[in-house]
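Asks: no FASTA, just this:
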């Protein structure tokens, strides 16, 4: 059986988990935090989560895992068949990660660990978010899904980026991502109605309670 290593608070873990649920794959969840322990580094070379263990061996890095899932379970396709449209979904996924997720992640220390957010860092993040959201607005379709008419990996990547980091941008920068990405609010309502999204979110929220407690 497939084994998914990770922790429900991790947005990248939740991306892979939702994809596996959408595809109807059977898997075991192994609750794991990022680790530099030798045993874990044998399956996740940088000690990151998520990591997926399959019959042939382990896989790390979310992009690689999602590609593998698509190859082994094409009955529920999360990439378009058309090569160009598939590339556009990948483009949107990568743009979401580089220009939004990784930029907003720089706020992590301030939001979750009480670190002081310098004015220099704040100004740089604001500038990068302005550029990033402008770029994403050129790619997002919201028709009704992120890349167009069909639910794809782009929706999964975007959802577990904005639902985590919109809180951070509002708290630290007074920036509401719904104001920066027209159509985002209505799309979030659509995504929140998905029963599998609700299941992943319930597990995430329960994990947050455990950490807070």
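Replies: Everything's here; your move. Since this is a predicted model, take the numbers as computed values, not measurements.

Asks: what's near enough to touch residue 2?
Replies: Residues near residue 2 by CB atoms under 8 Å, 6 or more residues apart in numbering: 20, 25, 26, 27, 28, 52, 53, 54. To be clear about C-beta, it is placed using only N, CA and C from the backbone, and glycine gets the same treatment.

Asks: residues contacting the last one?
Replies: Listed by CB under 8 Å, 6+ apart, the contact set of residue 54 reads 2, 68.

Asks: Where does the record place the domain boundaries for the protein?
Replies: Domain assignment for the chain by automatic domain parsing gives 2-72, 83-212.

Asks: hang on, residue 147 packs against residue 91?
Replies: No: judged on CB atoms under 8 Å, residue 147 makes no contact with residue 91 at a distance of 9.1 Å.

Asks: Next secondary structure element downstream of the helix or strand of the chain with the lowest mean pLDDT?
Replies: Lowest mean confidence among the helices and strands of the chain (mean pLDDT, DSSP states H and E): helix 108-113, at a mean of 77. As assigned by DSSP states H and E, the chain's next helix or strand after helix 108-113 is helix 119-139.

Asks: So for that next one, mean pLDDT?
Replies: The pLDDT scores in helix 119-139 average 96.

Asks: quick check, distance from it to the centre of its chain.
Replies: 18 Å (CA atoms, centre = their mean, to the nearest Å).

Asks: and what of stretch 162-174?
Replies: Worked out by CA atoms, centre = their mean, stretch 162-174 lies 15 Å from the chain centre.

Asks: and for it, what are the contacting residues?
Replies: 11, 100-101, 104-105, 107-108, 110-111, 117, 122, 125-126, 129, 175-178, 181, 184, 188.

Asks: Buried members of those residues into ChimeraX, please.
Replies: Per 16 or more other CB atoms under 10 Å, the buried members of the contacts of stretch 162-174 correspond to this ChimeraX selection:
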select :11,100,101,104,105,107,110,111,117,125,129,175,177,178,181,184,188
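
Asks: in the helix or strand hosting residue 39, what's buried?
Replies: Per DSSP H and E, residue 39 falls inside helix 38-41. Neighbour-count burial for helix 38-41 flags residue 40 (criterion: 16+ other CB under 10 Å).

Asks: Distance of residue 38 relative to residue 45?
Replies: For residue 38, the distance to residue 45 equals 12 Å [CB to CB, to the nearest Å].

Asks: where do the strands sit along this structure?
Replies: Remark: strands assigned in the chain by DSSP state E are 2-6, 27-31, 51-54, 57-60.

Asks: got the buried residues for stretch 61-69?
Replies: 61, 62, 65, 66, 68, 69.
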